[in-house]
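Enquirer: For reference, the sequence and a predicted model appear below.
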Amino acid sequence: LEILLAQQVSAKETAAIIVEPFLGEGGYVQAAPEFLQGLRAICDKHGILLIIDEVQSGFARTGKYFNIEYSGVRPDIMIIAKGLANGYPLSGVVSRKELTDKLQPGTLGGTYAGNAIA
């Protein structure tokens, strides 16, 4: 990843890296804690946000409440759904307060925005 950031894409022009800590499609593959810790270190080094997609793995579907807990990594943003509402069309975006405070009304949308439950 460091080579990619140095040769193919500028780290200064990379806003975020998004990753599923538990790959649900293609074999149920758990990301190694060292891999996720390495991503966190690279993101911190370059000022890149780390976004963790817990849509399939969140809410104790892999043992812990969120799968990222196995690595000890704290994401900047976490995407949640599916297990959140037990089948209802509900999702969420969780982030650090300083990031959420930057949002202007109407700038955060999603697949389920505007439905009867939301």
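Expert: Looks like it came in fine.
Enquirer: Please report the distance of the residue lying closest to Glu20 once chain neighbours are set aside from Ala11.
Expert: Leaving aside its sequence neighbours, Glu20 sits nearest to Asp53 (CB to CB, 6 or more residues apart in numbering; 4.6 Å). The way it works is simple: take the backbone N, C-alpha and C, and place the C-beta from them, glycine included. To Ala11, Asp53 is 21 Å away according to CB to CB, to the nearest Å.
Enquirer: For those two, indicate the residue with more neighbours.
Expert: Looking at Asp53 and Ala11 with other CB atoms under 10 Å, you find the greater number of neighbours at Asp53, namely 21 against 16.
Enquirer: thought the more buried one was touching Leu23?
Expert: No - Asp53 is beyond contact range of Leu23, at 10.1 Å (criterion: CB atoms under 8 Å).
Enquirer: And for the helix or strand bottoming out on mean pLDDT in the chain, what's in contact with it?
Expert: Least confident helix or strand of the chain, by mean pLDDT, DSSP states H and E, is strand 22-23 with a mean of 85. Outside strand 22-23, the residues within contact range by CB atoms under 8 Å, 6 or more residues apart in numbering are 28-31, 56-57, 62, 67.
Enquirer: With stretch 90-103 instead?
Expert: 49, 55, 76-81, 84, 108, 110-112, 117-118.
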